[in-house]
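Undergrad: model this:
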Amino acid sequence: MRAARALLGIDQRELARLSGVSLPTIQRMESSEGTVRGVIDSLTKVVTALERAGIELIAENAPSQGAGRGVRLVRPAADAEAPRPPPKR
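TA: This is a model prediction of the structure:
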């Protein structure tokens, strides 16, 4: 949700307004670890608002249906190895 908001250039308050859910609900959703948790009706409203604003939500391992450029997280940062410097000779 944070990434979608960043792409749109909106804050939590604006997402709450666009989706018709409360600001504390947006805050709780964004503070969820891993999968966003919330009441299905609230989640549906947020997803619909993001899609209407031009966000394409892409499921894990699913192809994008849209055109144009995009960004996808391939693996969580915690799993990624930091680049190693070349060995000294």
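Undergrad: Enumerate every residue touching residue 26.
TA: 1, 12, 15, 16, 19, 46 (CB atoms under 8 Å, 6 or more residues apart in numbering). (Glycine included, C-beta is placed from N, CA and C.)
Undergrad: Count the residues that sit near the closest residue to residue 45 other than its chain neighbours.
TA: Leaving aside its sequence neighbours, residue 45 sits nearest to residue 19 (CB to CB, 6 or more residues apart in numbering; 4.5 Å). Residue 19 has 21 neighbours, counted by other CB atoms under 10 Å.
Undergrad: what do you get for the one 3 residues further on?
TA: Counted by other CB under 10 Å, the residues lying close to residue 22 total 11.
Undergrad: now the one 3 residues further on
TA: The tally of other residues near residue 25 (other CB under 10 Å) stands at 19.
Undergrad: try the one 3 residues further on
TA: The local packing of residue 28 (other CB under 10 Å) involves 15 other residues.
Undergrad: From residue 64, how far off is the closest residue to it other than its chain neighbours?
TA: Once flanking residues are discounted, residue 28 sits nearest to residue 38: 6.9 Å by CB to CB, 6+ apart. For residue 38, the distance to residue 64 (CB to CB, to the nearest Å) stands at 24 Å.
Undergrad: per-residue confidence for residue 27?
TA: Listed pLDDT for residue 27 reads 94.
Undergrad: and if you look at the one 5 residues further on?
TA: Listed pLDDT for residue 32 reads 82.
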